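Participant: how would this look folded up:
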Amino acid sequence: MTVRTPNNSLLDFQHPAVRHLGWLCSAPQLLHSPATFQPSDYLPPDYLETLKKWDQNPETAPALLREVPQRRLGFYFERLYEVMLSDLLGWEILLKNVQIQSNRHTLGELDFIVHNTTDDRIEHHEIAIKYYLGVPNGGSEALWYGPNARDRLDIKGDRLVNHQSTRTQQPETLALLSSHGINGPITARIFMPGYLFYPLAIALEAPSTTPQNHLRGCWTYADTLEETDTSTWVQLNKPHWVGPWCQSATPSGTEARQAITDIQVDRIPRLFSELSRDSASDHWQERRRIFVVPSSWPAQPK
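Facilitator: Numbers count the residues shown, from 1 in each chain. Below you'll find the predicted structure:
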């Protein structure tokens, strides 16, 4: 299975942060919802030219894009999203990561409150980047777990649609917004791109809640790879899960093989990119993504 990339031109960007931002702008969503936010509906026609300028002249890029990337994927993703909103769309960010309090208890947090200047309205954006692996579930629809199996697509989707995105309807949130001079109707928006990983050895239907154009990879157990050629695999470390990956150096098959061995010892799932050499650029570029998990996965430690 070849990985679906949203735009092959992303591999032309040499600076990872610019490539990651380009991916964020064009990546398909993992959830069907009337509230789903599609950046392509609002991005200016020349936004790729802006990304090229930032890639070729990094000193001209927004400061947030030039900062050392954080290993915490959620924080890094929020930073990219902020750059997209403010520097590509030109929208005003009114509030970011604001906690909702009541009687000294935290009820939740608002990711972004923005002024959509294109439609001239206030919007509440809840965002997430997710990676889920499909597991057969008897005769029922498959279950889709995160590498940390406490995370599941159906649960996260329900929470995002029915809880997180409706927080601006709560009296405590309305009072908070009013204290910042934000009144009137607020449009809820959801943004959740990512990948779904399908089992290597089993045919699995896509979840009914996910658009068919979603990005795909595959997954397998570490103990099934003894005879598999992994010489062109590289382990992807965060924040480079935001893809796609490319490199100039020839992949080290030894490092990938050791990482697969380590999975069986420390029982931590790892994400790999299988590369192929592109003769035009003389770079190794991502062909597909593979999650490798321990034999105990998705059982959760007690």
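
Participant: quick one: low-confidence parts of the stretch 1-150 of the chain?
Facilitator: For the stretch 1-150 of the chain, applying pLDDT under 70 flags the ranges 1-8.

Participant: where do the helices sit along it?
Facilitator: 16-26, 47-56, 63-66, 73-83 (DSSP state H, counting those that start in this stretch).

Participant: rebuild the ones you listed as a markdown table, extending it with distance to residue 222.
Facilitator: The C-beta positions use only the backbone N, C-alpha and C, and glycine is treated the same way. Shown next, in a markdown table, are those (distance: least, Cβ to Cβ, whole Å):
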| stretch | distance to residue 222 |
| --- | --- |
| helix 16-26 | 27 |
| helix 47-56 | 36 |
| helix 63-66 | 35 |
| helix 73-83 | 22 |
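
Participant: so which of those is the most packed in?
Facilitator: Mean neighbour count (mean count of other Cβ atoms under 10 Å) peaks for helix 16-26 among these, with a mean of 23.

Participant: got the CA positions of that one in PDB?
Facilitator: This file holds the C-alpha atoms of helix 16-26, laid out as PDB (Å, rounded to 0.1, in the frame of the first residue of the first chain):
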ATOM      1  CA  PRO A  16      10.700  20.600   7.700                       C
ATOM      2  CA  ALA A  17       8.600  23.300   9.300                       C
ATOM      3  CA  VAL A  18       7.600  24.700   5.900                       C
ATOM      4  CA  ARG A  19       6.800  21.200   4.600                       C
ATOM      5  CA  HIS A  20       4.800  20.500   7.800                       C
ATOM      6  CA  LEU A  21       2.800  23.700   7.400                       C
ATOM      7  CA  GLY A  22       2.100  22.900   3.700                       C
ATOM      8  CA  TRP A  23       0.900  19.400   4.800                       C
ATOM      9  CA  LEU A  24      -1.400  21.000   7.400                       C
ATOM     10  CA  CYS A  25      -2.900  23.300   4.700                       C
ATOM     11  CA  SER A  26      -3.800  20.500   2.400                       C
END
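
Participant: and that helix with helix 73-83, angle?
Facilitator: For helix 16-26 against helix 73-83, the angle by axes from the mean of the first three to the mean of the last three Cα atoms, to 10 degrees is 70 degrees.

Participant: okay, the angle between helix 16-26 and helix 47-56?
Facilitator: 170 degrees.

Participant: related to what we said a few turns ago, out of the helices of the stretch 1-150 of the chain, nearest to residue 164?
Facilitator: helix 73-83 (13.4 Å; Cβ to Cβ).

Participant: then the closest one to PDB, C-alphas only?
Facilitator: The C-alpha trace of helix 73-83 is given here as PDB (Å, rounded to 0.1, in the frame of the first residue of the first chain):
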ATOM      1  CA  LEU A  73       3.300  16.900  18.800                       C
ATOM      2  CA  GLY A  74       0.200  18.700  20.000                       C
ATOM      3  CA  PHE A  75       2.000  21.900  20.900                       C
ATOM      4  CA  TYR A  76       4.000  21.900  17.600                       C
ATOM      5  CA  PHE A  77       0.700  21.300  15.600                       C
ATOM      6  CA  GLU A  78      -0.900  24.300  17.400                       C
ATOM      7  CA  ARG A  79       2.100  26.400  16.400                       C
ATOM      8  CA  LEU A  80       1.700  25.500  12.800                       C
ATOM      9  CA  TYR A  81      -2.000  26.100  12.900                       C
ATOM     10  CA  GLU A  82      -1.400  29.600  14.400                       C
ATOM     11  CA  VAL A  83       0.900  30.400  11.500                       C
END
